[in-house]
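Colleague: fold the following and give me the result.
(one chain, ligands or ions: 1)
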Amino acid sequence: MDRLKELFKIKFTAAAEEIKALVKEHGTKIIDTVQIEQVYGGMRGIKSMIWETSSLDSLEGIRFRGYSIPELRDKLPCIDGATEPLPEGLFWLMMTGEFPTDDEVRWLSREWMRRSVVPDHVIATIDSMDDSIHPMTQFSIAIMAMQCESLFVQKYSEGMPKSQYWDVTYEDSMNLISKVPIVAAYIYRKAFCNKDIIRPNRDLDWSANFAYMMGYDSTEFKDLMRLYLTIHSDHEGGNASAHTVHLVGSTLSDAYLSLSAGMNALAGPLHGLANQEVMDWIYDMIRDLGTNNPSKSQIADYVRTTLSQGIVVPGYGHAVLRVADPRFIAQMEFAKKHCADDPMVKIVWNVFEVVPDILGSLGKVKNPWPNVDAHSGALLEHFGFTQHNFYTVLFGVSRSLGVLAHLCWDRALNLPLERPKSLTTEEIKKFIQNSSN
Ligand code: CMX
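Modeller: Model (predicted):
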């Protein structure tokens, strides 16, 4: 058994005992009450699932196993010339709650490289898809096509006992994480680079190799990928992509089916597709205003026009956060260091200066501040990565780390089939009537 798997087993065995005792002693205590507006309002704020790898505070932002993004950038191993931490380290932290050593991070890079063989039929499946099919759709289909490799499915059909679910889910997750960058890079090169495929470079870490396979070989871009793939990985369990993986996984669908489902959730414009929408919106603004260098007052007018058309301002707002997203700030800091004079970066910063006041003045937007998607496209464009409809695939590659780490925990803790209770409006009306009598 490898060291990560062994450590994960030690951690979840102890956690499972602790949870069992906690539920036995305190299981009937009321932790929250649900309001009718929450029932109608997309279940906002209802505490109803366990997510061990990260937690989200509306004012502080995301914490991974208790550590904020600035703390992670300080504490996670940043090795072999990288100036940003490797997401391998974050995956280890999410799995075990412990920071890995530099050597453990190197081991994980090598381990994922070792497992990263994509079956021929998956490549043929991607080849068969027309380039007009959105890259996120191709990505999701490619993940589904790999499902025939699931060890969980194989062992389940052989009568595997529940106690072994975690083991094969770990193997499936490690295999999948190793392959998603290969598949994503293949889709990218096929769609945008005349199918001029770049083979993996076995000496590189997970992010650097992904950048390399897409055709971006500069030291700075590799660091951008390390940062990007770290900060997009996990955002507690309630967001649509994480929750989807958790929900689908709760039926004992394997890691492949669960991840593919999560990618379909990520592909929505209110979620991960917002990173594509942000850049498309900025380009529409540039075109409509007839200038590459819009002033703040021109941007403000354009924002008001967008809102008057009943369209949301992409990259702004959040279902939980009530401050500027720390993932936005981390990208802003990267931009200040590497490309402060970039014209697109400057537009993003000017948008940041005008949008919150305008959204705030509407009186209904709960969070007028930028989210993670407001900045990522400008950074990618700075390095010549201009294909906006691929941006959500990058988000998806990163998100695979968090959701698959948690799927391992789901199986290890033997979490049950998820099945919340729905109500009809008739039932709600009866409840209101009875409670007012
Ligand atoms: N522009 C215009 N209106 C917005 C808005 C924005 N950026 N953000 C919220 N609103 C509106 C909502 O549409 C809603 O309007 P109605 O009452 O008329 O339906 C109202 O403000 C209240 O919404 P909220 O409670 O503040 O926000 P929600 O929790 O319902 O939605 C989110 C959150 C992210 C979907 C929303 O802020 C939004 O649509 N943002 C733009 C899309 C975006 O950037 N999504 C990416 C989020 C991060 C990610 O998942 O990647």
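
Colleague: go ahead and confirm I50 touches P416.
Modeller: No - between I50 and P416 there is no contact under C-beta atoms under 8 Å: 10.7 Å. (Glycine included, C-beta is placed from N, CA and C.)

Colleague: so those two - more neighbours on which side?
Modeller: Neighbour totals were compared for I50 and P416, and I50 leads with 13 against 8 (other C-beta atoms under 10 Å).

Colleague: so what's that one closest to, chain neighbours aside?
Modeller: Leaving out its chain neighbours, the residue that sits closest to I50 by C-beta to C-beta, 6 or more residues apart in numbering is L415, at 6.7 Å.

Colleague: that neighbour in helix, strand or coil?
Modeller: When classified by DSSP: H, G, I helix; E, B strand; the rest coil, L415 comes out as coil.

Colleague: then R63?
Modeller: Per three-state DSSP, R63 ends up strand.

Colleague: bridging residues for it?
Modeller: S55, S68 (DSSP bridges).

Colleague: contact partners of stretch 417-429?
Modeller: For stretch 417-429, the surrounding residues in contact (C-beta atoms under 8 Å, 6 or more residues apart in numbering) are I36, V39, M43, S48, M49, H246, L247, S250, T251.

Colleague: I meant to write stretch 34-46 there.
Modeller: By C-beta under 8 Å, 6+ apart, stretch 34-46 touches D32, A319, P420, L423, I428, I432.

Colleague: for the ligand, give me its nearest residue in this structure.
Modeller: Nearest residue of the chain to the ligand (C-beta to the nearest ligand atom) works out as G317 at 2.0 Å.

Colleague: model confidence for that residue, exactly?
Modeller: According to the prediction, G317 has pLDDT 98.

Colleague: got the contact list for it?
Modeller: Listed by C-beta under 8 Å, 6+ apart, the contact set of G317 reads L359, V365, K366, N367, P368, W369, N371.

Colleague: including secondary structure, distance to the ligand and neighbour count, could the residues you listed go into CSV?
Modeller: Shown next, in CSV, are those (DSSP: H, G, I helix; E, B strand; the rest coil; distance: C-beta to the nearest ligand atom, whole Å; neighbours: other C-beta atoms under 10 Å):
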residue, secondary structure, distance to the ligand, neighbour count
L359, helix, 6, 21
V365, coil, 4, 19
K366, coil, 3, 13
N367, coil, 6, 20
P368, coil, 8, 19
W369, coil, 10, 20
N371, coil, 4, 22
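
Colleague: G262: which of these is nearest?
Modeller: N371 (18.2 Å; C-beta to C-beta).

Colleague: count of residues packed around the nearest residue to the closest one once chain neighbours are set aside?
Modeller: Spatially, and ignoring its direct neighbours in sequence, N371 is nearest to D325 (4.6 Å; C-beta to C-beta, 6+ apart). Look at D325: counted by other C-beta under 10 Å, it has 25 neighbours.

Colleague: thought P368 was touching D325, still the case?
Modeller: No - contact criterion C-beta under 8 Å: D325 and P368 do not qualify, at 12.0 Å.

Colleague: check which helices and strands the regular element (helix or strand) spanning M113 is in contact with.
Modeller: Per DSSP states H and E: M113 is located in helix 102-114. Judged by 3 or more C-beta pairs under 8 Å, 6 or more residues apart in numbering; DSSP states H and E, helix 102-114 is in contact with helix 3-26, helix 87-96, helix 165-192, helix 206-214.

Colleague: what's that helix in contact with?
Modeller: 2-4, 77, 79-80, 86, 88-89, 91-92, 100, 174, 177-178, 200, 202, 204-206, 209.

Colleague: can you point out the buried residues in it?
Modeller: E104, V105, R106, W107, L108, S109, E111, W112, M113 (16 or more other C-beta atoms under 10 Å).

Colleague: quote the end-to-end distance of stretch 206-220.
Modeller: 15 Å (C-alpha to C-alpha, to the nearest Å).

Colleague: ok, back up a step: tell me the one of the contacts of stretch 417-429 nearest I286?
Modeller: M43 (37.8 Å).
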